[in-house]
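In: My questions are about this predicted structure, shown below with the sequence.
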Amino acid sequence: MLDLRDYNYGTWAAIGDKGRWRLETGRRVESWRDLDVWEVAHKLVLRVYETARQFPADERFRLADQLCRAATSIPTNIAEGKGRGSLKEYLQFLIVARGSVEELKYQLLLARDLGYIGEGPYHEMTEGYERVGKMLNGLIRSLGARSRA
């Protein structure tokens, strides 16, 4: 079971003009690896892959593949956006990641309804992705406020 209690949604503040961000706790964010939202999303990708391995063989290139792609898309877009040269591009990649969260939540529901995953794993992953969505919303809001300033 994933323990996501240690991750916060983060309130971000600008540091100088170099595009660096930090949590209000003072931790500097210089890389996508420093972002709690990326770390939580990455751990959830590992859980999705573990779950998808248990799907029937005939689903390997259908729903299992879609689940893994959507799950991987979330931390990938967070990382790529962080590496982009502008705040506008970064925000766009975060919005794409947020869309992938919603896509994945539907695919998890479908997998549950088809009997491929049980209620426990379904709720665990759905709650995790709800949290990732909230973290992304907070980051998007904070960065958006900076872009308007």
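Out: Here it is on my side, so go on.
In: how far away is Arg53 from Glu59?
Out: In this view, Arg53 and Glu59 are 11 Å apart by CB to CB, to the nearest Å. For the C-beta atoms, the positions are set from N, CA and C on the backbone; glycine is no exception.
In: Tell me which of these two has more neighbours.
Out: Per other CB atoms under 10 Å, whichever of Arg53 and Glu59 has more neighbours is Glu59, with 17 against 10.
In: Let me see the contact set for that one.
Out: Going by CB atoms under 8 Å, 6 or more residues apart in numbering, Glu59 touches Tyr116.
In: gap between it and Cys68?
Out: For Glu59, the distance to Cys68 equals 11 Å [CB to CB].
In: Low-confidence ranges, this protein, go.
Out: Applying pLDDT under 70 to the chain flags residues 1-28, 147, 149.
In: Strands of this protein, start to end?
Out: Assigned by DSSP state E, the strands in the chain fall at 12-15, 20-23, 28-29.
In: Spit out the contact partners of Val96.
Out: Ser73, Asn77, Gly81.
In: Now render those residues as CSV, adding neighbour count.
Out: Converted to CSV, the contacts of Val96 look like this (neighbours: other CB atoms under 10 Å):
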residue, neighbour count
Ser73, 20
Asn77, 23
Gly81, 22
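In: This completes my enquiry, with thanks.
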